[in-house]
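Engineer: using only what follows, build the 3D model:
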Amino acid sequence: MTPDSPRRLPFFVYGTLRPGEPNHDAFLRGRTRAEDPARLTGAVLYDGPGYPYAVEEAGGEVSGELVTARPEAYGRLLEELDRLEEYVPGDPRRSLYERVAREVTRDADRTAVRAWVYLAAPSVAVRLRARGRLIAGGDWLARERPLPGGG
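Structural biologist: Residues are numbered from 1 along each chain as shown. Alright, predicted model coming up:
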C-alpha cells in the first residue's frame with residue numbers, strides 16, 4: 001500500500017461540495033456520518049469556472065468541511081468524487097485535480113486529522129499561479145461574486 005492509496009480517510013471539501021453548494025446534495029446528502037468545519041494550511045484557493053481549486057502554497061489557508069462518510073457509502077462515494085473532480089489515478093496529465101492525503105485542522109477542537117484533499121493537478125496549478133484569480137481569505141463561500149448581468 002502506497003502512502004496515499006485509497007484508505008478510508010475522511011474528505012476535506014472546500015467548494016461546491018460544502019453544505020449549501022450544489023454538489024453537496026447531489027453527492028453527500030445522506031451519505032455522511034459527520035461534517036465539521038475545518039482548515040487546510042499550506043494552500044490557497046483560486047476561482048475556477050464555477051468551482052475552486054486549492055493549490056499548495058506556504059502560508060496559505062483554505063476553509064472547508066471535514067466530511068466523514070458512512071462506512072457503507074465510502075467506496076462508491078470515493079469513486080464518484082474522483083470522477084467529479086476529474087481525478088485519474090496515476091495519470092496527472094488527464095487529471096484536473098489530484099487526490100492527496102493531507103493534515104487538516106478541525107475548527108471546533110483544533111484536532112489535526114489526515115484527510116483526502118483534491119488539489120489542483122500540477123499542470124493546472126502552474127496555470128493558476130500564472131494567470132488565476134486568487135480567492136482572498138481562502139473561503140469559497142465568502143468569495144466575491146460577479147454581479148448579475150455582468151455589471
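
Engineer: contact partners for residue 34?
Structural biologist: 10, 66-68 (CB atoms under 8 Å, 6 or more residues apart in numbering). All C-beta atoms are positioned from the backbone trio N, CA, C, and that covers glycine.

Engineer: turn those residues into JSON lines, including secondary structure.
Structural biologist: As requested, the contacts of residue 34 are exported to JSON lines (DSSP: H, G, I helix; E, B strand; the rest coil):
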{"residue": "10", "secondary structure": "coil"}
{"residue": "66", "secondary structure": "strand"}
{"residue": "67", "secondary structure": "strand"}
{"residue": "68", "secondary structure": "strand"}
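
Engineer: of the residues you listed, which is the most crowded?
Structural biologist: Most neighbours among the contacts of residue 34, by other CB atoms under 10 Å: residue 67, with 26 neighbours.

Engineer: about what we covered before: put together a markdown table for the contacts of residue 34, with pLDDT and distance to residue 32 on each row.
Structural biologist: Putting the contacts of residue 34 into a markdown table (pLDDT from 0 to 100; distance: CB to CB, whole Å) gives the following:
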| residue | pLDDT | distance to residue 32 |
| --- | --- | --- |
| 10 | 98 | 9 |
| 66 | 98 | 10 |
| 67 | 98 | 5 |
| 68 | 97 | 6 |
